[in-house]
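Participant: One predicted model, sequence on top.
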Amino acid sequence: MNEDYHSFLQPILQSKDFKDSPVYSNLLTYLTECTLSNNIPKEITIAIDVFGKDSSFNSNKDSTVRYHVHMLRKKLEKYYKEEGKNHATRLIIPKGHYEIVRVTGKKTDQKSFFETPFVKNWEIIVILFLLFSNIFLIFYRFNASRVQKINPQIKSVAPNDKIWAPFFKNNNPVTIILGDDFLMDEYNEEFKRYRQIRDWDIDSESDLALFLSKYPHVNLWKSEITGIPFGGAENLMDILPIVYQFTSDVNLKMSSAVSLEEIRNHNTIYIGEFVNLELLTKIVYRFPIRFQYRPDERVFIISDAGDTLETYLRIEAPYEQKNKYNVDYSFLIKTPGFAGENLMFIVGFGYGGRMERTKMLSNTVARQNLEEEIKKINGSVPEYFILLFEVKSIERTGFTNEIKYFREIPEDFFER
């Protein structure tokens, strides 16, 4: 019996989500060993043995154990959907318990979040958005020419277009990735119901863990769904008419659900904020740029030696202020990929820069103006480059787009 459990446990511990996460590996191993010894632990026991709490631990005020066990369940579910999808026998943690149970077959007795009675408006919005997006993709696939009549500014892209045409020269399928927002669920004791919330200072599981370490009495955990970025639909309306002039094989993904392997052999366009890059940060950090969100929002241009050459500070008006004046920074990065594909990043701090970039890329006159600006800087428009723009805006309308940084990217960039 013990050998059976360990044979199921080891592949999990060696998976990508567990081998770099000692907290969850240790917790899973601990719960497994307790199960094998028929000594199912209580919450306070887990708190002391795994998380180093003392005997004064109060589960009513400290949700550390509940949060981590909840996340452990999610990680196990993800493992069995991906790396362990072919496993006939699975290890699960039944809700409300701290023991490991073996189940046979791909289905478990755990209901998914969408099978619970707490389906909320945000979930409905996300589902409708994804449904709309897929309908939109199909619409453009068969009606691209009609769209140009609706919006005359979006004209056919010439075969020799300096910005777009080189991006699609390999005829690969296209994946458009939207940077999605991190959402959380909570159970509100006062209202006796579940709610979904967005906290602008919590954008990842590590942010949430840090928050809960400071406020352990808060009953929060990562939601099973994510939020649609503001302006995401407008960004797609700008980009899709261009993309469909080159290929009908287009996929839409959210950044939280993308693996680096999925980028291979796909021309990929990321549209979103720095904070929502997720795994794509590993690619962006290959470029001579860095960014920070706290204590203030800055972009750094660095040298090949790693020294900071320039720093740009984002200026954001207070949330409650009317007629907000903002200064945002956004990148347009066009780069070769790993295996002949092309990558494009439309990325910045807020929606202002992102909205201005997709509008610029979809407008023939704006692209021509951009080409002229690049020629003034570089003499010609290279196939691959990095551009940093400063965007000044009032509310959600940008009124200046100034190039602050340009660098050509060689075709062998990722081979160096």
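Facilitator: Received, thanks.

Participant: could you list every residue that touches the residue most central in space within the chain?
Facilitator: The centroid of the chain falls nearest to residue 255 when counting by Cα atoms, centre = their mean (3.1 Å). Contacts for residue 255 (Cβ atoms under 8 Å, 6 or more residues apart in numbering) come out as 177, 178, 179, 180, 270, 272, 276, 277, 278, 279, 280. C-betas here are computed from N, CA, C, even on glycine.

Participant: Just the buried ones among these, please.
Facilitator: For these, a burial check counting by 16 or more other Cβ atoms under 10 Å picks out 177, 178, 179, 180, 270, 272, 276, 277, 278, 280.

Participant: For the first one, give me phi and psi.
Facilitator: Its backbone dihedrals place residue 177 at phi -110, psi 120, with angles given as degrees, to the nearest 10.

Participant: you'd agree it is up against residue 250?
Facilitator: No: in this structure residue 177 lies outside contact range of residue 250 using Cβ atoms under 8 Å: 11.8 Å.

Participant: Which pLDDT value goes with residue 19?
Facilitator: pLDDT recorded at residue 19 is 82.

Participant: Dihedrals phi and psi, it?
Facilitator: Backbone torsions of residue 19, given as degrees, to the nearest 10, read phi -70, psi -30.

Participant: Return the distance of it relative to residue 262.
Facilitator: From residue 19 across to residue 262, the span is 20 Å (Cβ to Cβ, to the nearest Å).

Participant: For the helix or strand that contains residue 329, give the mean pLDDT please.
Facilitator: Element membership for residue 329, per DSSP states H and E: strand 325-336. In this model, strand 325-336 has a mean pLDDT of 92.

Participant: One more: stretch 258-277?
Facilitator: On average, stretch 258-277 scores 91.

Participant: for this protein, what helix or strand is lowest in average pLDDT?
Facilitator: helix 121-150 (a mean of 52; mean pLDDT, DSSP states H and E).

Participant: Can you lay out the contacts of residue 255 as TSV showing secondary structure and distance to residue 358?
Facilitator: Formatted as TSV, the contacts of residue 255 follow (DSSP: H, G, I helix; E, B strand; the rest coil; distance: Cβ to Cβ, whole Å):
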residue	secondary structure	distance to residue 358
177	strand	13
178	strand	11
179	coil	13
180	coil	16
270	strand	12
272	strand	11
276	helix	16
277	coil	17
278	helix	20
279	helix	22
280	helix	17
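
Participant: out of those, who's nearest residue 11?
Facilitator: Ranked by distance to residue 11 (Cβ to Cβ), those are led by residue 279 at 21.7 Å.

Participant: The closest one is in contact with residue 258, isn't it?
Facilitator: Yes: counting by Cβ under 8 Å, residue 258 is a contact partner of residue 279 at 6.5 Å.

Participant: secondary structure class for the residue nearest to residue 188 when sequence neighbours are not counted?
Facilitator: Leaving out its chain neighbours, the residue that sits closest to residue 188 by Cβ to Cβ, 6 or more residues apart in numbering is residue 195, at 5.7 Å. Using DSSP: H, G, I helix; E, B strand; the rest coil, the structure places residue 195 in strand.

Participant: low pLDDT regions in the stretch 251-400 of the chain?
Facilitator: The model of the stretch 251-400 of the chain has pLDDT under 70 over residues 319-320, 395-398.

Participant: hang on, the earlier thing: elements contacting the strand holding residue 329?
Facilitator: strand 342-348, helix 351-362, strand 385-394 (3 or more Cβ pairs under 8 Å, 6 or more residues apart in numbering; DSSP states H and E).
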